[in-house]
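Student: Output the structure for:
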Amino acid sequence: MQERLALDIESAAKAISVSPWTIRKWISQGKLAATRLGRRVCVTPEALRDFVEQGSGSRRGESKKTQKG
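Tutor: Okay, here's the model as predicted:
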C-alpha cells in the first residue's frame, strides 16, 4: 500500500483516533503542522507521525514526559 502525500483533517483524525475538532485545535494552536491545498487544510503523514511521537497532544492532567527509565 502506498502512503498518501497528505491527509485531510478527517483522515488525520481517524488515523490517531481523535475528533476532527481536536486536529483543528492543534493546528490553530501551532502544535500540529498543516498546509493548505487550495481550500483544503491537510497534514502530511510525517507531521502527524512526529506530533504523535512527541506526545504533544497529551490529555488534560497528563504529563508530556514519558515514564521511561
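
Student: Tell me how far Glu3 lies from Glu53.
Tutor: Applying C-beta to C-beta, to the nearest Å, the value for Glu3 to Glu53 is 16 Å. Every C-beta, even on glycine, is put in place using the N, C-alpha and C of the backbone.

Student: swap in Pro20?
Tutor: Between Pro20 and Glu53 the distance, using C-beta to C-beta, works out to 21 Å.

Student: So the two - more neighbours on which side?
Tutor: When Pro20 and Glu53 are compared for neighbours, Pro20 comes out ahead with 14 against 8, by other C-beta atoms under 10 Å.

Student: residues contacting the more buried one?
Tutor: By C-beta atoms under 8 Å, 6 or more residues apart in numbering, Pro20 lies in contact with 9-10, 13.

Student: just the buried members of the residues you listed?
Tutor: The neighbour-count test (16 or more other C-beta atoms under 10 Å) marks 9, 13 as buried among those.

Student: quick one: which of the contacts of Pro20 is nearest Gly30?
Tutor: The shortest distance between Gly30 and any of the contacts of Pro20, using C-beta to C-beta, involves Ile9 and amounts to 15.9 Å.

Student: Cheers, nothing more for now.
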